[in-house]
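Asks: Mind looking at a prediction? Sequence and model below.
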Amino acid sequence: MCDKCSENLPHPIGPSRRSAIVLAASALGLAFTGAALAKEAKTSPKTPPKPQNVLTPDTALKRLTEGNARYVDGVSRRHDFKHEREALVGGQNPYAAVLSCADSRIAPEYAFDSGRGDLFVCRVAGNFAGTETVASMEYAVGVLNTPLILVLGHESCGAIDATLKALKDNTSPPGHIPSLVDAIAPAAKAALQQGGDVLDKAIRQNVIDNVAKLKSAAPILNAAVEQGKLKVVGGIYRLATGTVELLAQG
């Protein structure tokens, strides 16, 4: 073939052999890199944001009570909230979950001298475990691996006092408050049958009832309790001293 004929031939429009080799090599390299990253993700579990919060249920309870003792004595620690915020941007691993009353005098984070990311707190007037609260505790235990749940009642609980009055007078409070009365009523009725200081007895019974409810909540919480991964306890917060008196453990 003459040179002129060669010049008149159309130029190839596909990639050259060299380009094809380079592309193939790049694709192979990406495949190996992806496989390596996947393997690393499986073999190298993510370090929790607060490694000090990875505790057994008993150790978590001990830490909770020690924090309360510092709070009662007025020697709470100075927490470095700035660096705690930075550490918690990517996740959380609280060492305890608390179901507390919404009463403004009760602040679990203060009462147990805790920092950010230490406590997973659910608050509702009367500290009872409704559907949403049970689901929240399931998230804390099943996803965040929290080893301890505390149901925290307190002295002079207005929600429980209102429930007792509604039952005694056979009246219904206004608005959506009857939903609280319905939830607290079993403990209030038990206290009324016993007589004596019915408010104190109803407060204690309400805590005990909700500890039992959370311990038996299937399928997540009851399984964690049976496997020894979770402890559920109850306590009463004393308004005058700040002391949390533990009532029930399991």
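Replies: Nice, I can see it. Keep in mind the model is a prediction, meaning the values are calculated, not measured.

Asks: ok, L167 touching A187?
Replies: No - in this structure L167 lies outside contact range of A187 using Cβ atoms under 8 Å: 10.8 Å. (C-beta placed from N, C-alpha, C; glycine too.)

Asks: So between the two, which is more surrounded?
Replies: When neighbours are counted by other Cβ atoms under 10 Å, L167 and A187 differ, and A187 comes out ahead with 25 against 18.

Asks: right, and that one touches N206 too?
Replies: Yes - using Cβ under 8 Å, A187 is in contact with N206, at 3.8 Å.

Asks: quick one, helices of the protein?
Replies: For the chain, applying DSSP state H gives helices covering 3-8, 17-43, 57-73, 81-87, 108-111, 131-142, 158-169, 178-194, 198-215, 221-226.

Asks: from these, which stretch is densest packed?
Replies: Counting by mean count of other Cβ atoms under 10 Å, helix 198-215 has the highest mean neighbour count of those, with a mean of 22.

Asks: Please state the offset of that one from the chain centre?
Replies: How far helix 198-215 lies from its chain's middle: 21 Å, per Cα atoms, centre = their mean, to the nearest Å.

Asks: can you list contacts of it?
Replies: 99, 126-129, 134, 137, 149, 151-157, 160-161, 163-164, 184, 186-188, 190-192, 194, 221-222, 225, 232-236, 247-248, 250 (Cβ atoms under 8 Å, 6 or more residues apart in numbering).

Asks: E66 is in contact with S114, correct?
Replies: No - S114 lies out of contact with E66 (Cβ under 8 Å); the separation is 10.9 Å.

Asks: Tell me which of the helices of the chain lies nearest to F120.
Replies: With Cβ to Cβ, the closest approach to F120 among the helices of the chain belongs to helix 131-142: 4.4 Å.

Asks: any idea of the angle that closest one forms with helix 198-215?
Replies: Put simply, helix 131-142 runs at 50 degrees to helix 198-215, going by axes from the mean of the first three to the mean of the last three Cα atoms, to 10 degrees.

Asks: Please tell me how far S216 sits from A190.
Replies: To A190, S216 is 18 Å away according to Cβ to Cβ, to the nearest Å.

Asks: Can you pull the domain assignment for this structure?
Replies: Domain assignment for the chain by automatic domain parsing gives 3-43, 51-248.

Asks: And the last one, how far out from the chain middle?
Replies: Looking back up the chat, that one is domain 51-248. Domain 51-248 sits 11 Å away from the centroid of its parent chain (Cα atoms, centre = their mean).

Asks: Contacts only, for G153.
Replies: Contacts for G153 (Cβ under 8 Å, 6+ apart) come out as 101, 127, 203-204, 206-207, 234-237.

Asks: Please apply the same query to A107.
Replies: Contacts of A107 (Cβ under 8 Å, 6+ apart): none.

Asks: again, but for G91
Replies: 46, 48-49 are the contacts of G91 under Cβ under 8 Å, 6+ apart.

Asks: before we move on, what about P49?
Replies: Neighbouring residues of P49 by Cβ under 8 Å, 6+ apart: 87-88, 90-93, 117.

Asks: N222 reaches S216, doesn't it?
Replies: Yes - here N222 reaches S216: they are 5.3 Å apart, a contact under Cβ under 8 Å.
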